[in-house]
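Student: missing the sequence, but the structure's below:
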């Protein structure tokens, strides 16, 4: 972990980090956008998971639903990453010592890998709805990983 | 007769309010549930609203989406109401003094009025426009109005943490 310390220090010292730290309004505004992104992204994960479990929207396939949601998914992930980096840069040294931040980053990396592998396969395959085991496992992983990111993020403010 | 401020003071000074505010685990858990509950409340309602605006899942009848999604939205709003009341209870004076809390309550009332108007008027004639794309103007308006108001609720709620 100490190998990463220079990176945290660089982010903390960067002009953008210092600018956000120095502004009264920048952090709250970026934080609010980050929270709107969370609402959309976790909302998508809830809806897709409910569909994978077969609880809702059974008239259309998971694949159709995921196709409708895909632009929102990638826009919300992009928004989260950009605003998340900006928030991080403004308090990178605080994050370095935060167990919550480490937990969040571990969940985030796993969630992103999951998103382009298992989740991608489940939401683009034509017969995922005929494989309830695979569908449910994907739904549970999606909820655990993405809510883990959210939980870790909220916890940065506490410990 | 107690003033509103005195009621707020009384609430947060009750044993329960003080205990919750000063607890190591309960307060973060309630607060965390309130934040993550956004996914289930607004995060599910959003798709219904987007369908009403005519921008999303145009091929699906609206009744199907609202029938599927709204029960889960109500579960989400129940969670939000319970955790929200608890959060208010333990820091009522802070809320009383926060302009953002007042904005949030005003926007929540607007959202409620919008939902009531929608459900008592055009929703009752759903059969006539269920598959329409785009939906009638009043339905599109209800969808956009809801999206904008809920964005406002989230932004105002988050900003209660700050004193400008």
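Tutor: Cool, the structure landed. A quick note: this is a predicted structure, and the numbers were derived from the prediction, not measured. Residues are numbered from 1 along each chain as shown, chains lettered A, B, ... in the order given.
Student: pLDDT weak spots in chain A?
Tutor: Along chain A, segments meeting pLDDT under 70 span A:1.
Student: go again with 80.
Tutor: Within chain A, the segments meeting pLDDT under 80 span A:1, A:159.
Student: near chain B, which residues of it show up?
Tutor: With the criterion set to Cβ under 8 Å from any Cβ of the partner chain, chain A comes near chain B through A:24-25, A:28, A:31-32, A:35-36, A:38-40, A:42-47, A:50, A:56-57, A:59-60, A:68, A:147, A:150-151, A:154-155, A:158. Placement of C-beta: from N, CA and C, glycine included.
Student: go through whichever strand or helix holds residue A:86 and flag the buried ones.
Tutor: Taking DSSP states H and E as the criterion, residue A:86 maps to helix A:62-90. Buried residues in helix A:62-90, counted by 16 or more other Cβ atoms under 10 Å in any protein chain shown: A:62-66, A:68-69, A:72-73, A:76-77, A:79-80, A:83-84, A:86-90.
Student: need the longest helix for chain B.
Tutor: helix B:62-90 (DSSP state H).
Student: how about the secondary structure of the nearest residue to residue A:60 once chain neighbours are set aside?
Tutor: Leaving out its chain neighbours, the residue that sits closest to residue A:60 by Cβ to Cβ, 6 or more residues apart in numbering or on different chains is residue B:60, at 6.5 Å. Using DSSP: H, G, I helix; E, B strand; the rest coil, the three-state assignment for residue B:60 comes out as coil.
Student: OK, contacts around residue B:60?
Tutor: Counting by Cβ atoms under 8 Å, 6 or more residues apart in numbering or on different chains, residue B:60 touches A:57, A:59, A:60, B:51.
Student: residue in chain B nearest to chain A?
Tutor: residue B:43 (2.1 Å; Cβ to the nearest Cβ).
Student: helix or strand: which one has that residue?
Tutor: Counting by DSSP H and E, residue B:43 is found in helix B:42-53.
Student: what do you get for residue A:154?
Tutor: Per DSSP H and E: helix A:132-155 holds residue A:154.
Student: and the contacts of the lowest-mean-pLDDT helix or strand in chain B?
Tutor: Ranked by mean pLDDT, DSSP states H and E, the weakest helix or strand in chain B is helix B:126-129, scoring a mean of 86. If you take Cβ under 8 Å, 6+ apart as the criterion, helix B:126-129 is touched by B:62, B:63, B:122, B:135, B:136, B:139.
Student: the residue of chain B closest to chain A contacts residue B:77, correct?
Tutor: No: here residue B:43 does not reach residue B:77: they are 11.5 Å apart, not a contact under Cβ atoms under 8 Å.
Student: who's in contact with whichever residue of chain A sits closest to chain B?
Tutor: Of all residues in chain A, residue A:43 sits closest to chain B, at 2.1 Å by Cβ to the nearest Cβ. For residue A:43, the contact set (Cβ under 8 Å, 6+ apart) comprises B:38, B:39, B:40, B:42, B:43, B:44, B:46, B:47.
Student: rerun at 7 Å
Tutor: B:39, B:42, B:43, B:44, B:46 (Cβ atoms under 7 Å, 6 or more residues apart in numbering or on different chains).
Student: circling back: for the helix holding residue B:43, what is the average pLDDT?
Tutor: Helix B:42-53 carries an average pLDDT of 95.
Student: farthest-separated two in the contacts of helix B:126-129?
Tutor: Spatial extent of the contacts of helix B:126-129 (Cβ to Cβ) is set by the pair B:63 and B:136 at 14.4 Å.
Student: what's the helix or strand hosting residue B:9 packed up against?
Tutor: In the assignment (DSSP H and E), residue B:9 maps to helix B:4-13. Secondary-structure packing of helix B:4-13 (3 or more Cβ pairs under 7 Å, 6 or more residues apart in numbering or on different chains; DSSP states H and E): helix B:62-90, helix B:92-97.
Student: what's it in contact with?
Tutor: B:2, B:17, B:21, B:89, B:90, B:91, B:92, B:93, B:96.
Student: I'd like the next helix or strand past that helix.
Tutor: The element immediately downstream of helix B:4-13 (helix or strand, assigned by DSSP H and E) is helix B:15-22.
Student: what are the buried residues along that following helix?
Tutor: In helix B:15-22, counting by 16+ other Cβ under 10 Å, buried: B:17, B:20, B:21.
Student: perfect, that will be all.
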